[in-house]
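Q: coords below, sequence missing:
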């Protein structure tokens, strides 16, 4: 498990792995997560086992299409709140799911087999300062993502509705 996590962290710093993640791994992960009811993800290994990296499915409403849009994202948990950072692998633009949350903050999440409705809000500066060390502990590659782009990442707090 540690080897696999370390591999994800090292590869995550490379641009070719970013391309692979966006175009191949994220669609596969979304499919596997949905089909297995949250029991399998590229970042989870079976029921009851600790995930390599905590991921969930986030479903937003498309700001233009008004259709549900689902994507796997890493998250931090604090009580009943979930925190997500819109890094988009350090690309120059924000991820679509963050644009969708700004247009309509109501969304749903699936963490393993558990589903719940949430309302998103942008994290305060204090929350971001508290979250950054935890985020780097979770996935140090976020440091490389910040170096790739001049944009500030959006941080969202997802609270149950």
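A: It's in. Remember, it's a predicted structure, so these values are computed and weren't measured experimentally. Numbering: from 1, shown residues only.
Q: which residues in this structure form helices?
A: 2-12, 15-20, 26-35, 96-103, 125-138, 141-148 (DSSP state H).
Q: what separation is there between residue 58 and residue 160?
A: According to Cβ to Cβ, to the nearest Å, residue 58 and residue 160 sit 14 Å apart. For every residue, glycine as well, the C-beta is placed using N, CA and C.
Q: now do residue 69
A: From residue 69 to residue 160 the distance is 20 Å (Cβ to Cβ).
Q: so which of the helices of the chain comes closest to residue 65?
A: helix 96-103 (9.6 Å; Cβ to Cβ).
Q: picking that back up, of all the helices of the chain, which one comes closest to residue 117?
A: helix 96-103 (13.3 Å).
Q: quick one: mean pLDDT for the closest one?
A: The pLDDT scores in helix 96-103 average 97.
Q: let me see the contact set for residue 98.
A: By Cβ atoms under 8 Å, 6 or more residues apart in numbering, residue 98 lies in contact with 86, 88, 154, 156.
Q: ok, the third one touching residue 94?
A: Yes: the pair residue 154 and residue 94 qualifies as a contact (Cβ atoms under 8 Å) at a distance of 6.2 Å.
Q: neighbour count winner among those two?
A: residue 154 (20 against 17; other Cβ atoms under 10 Å).
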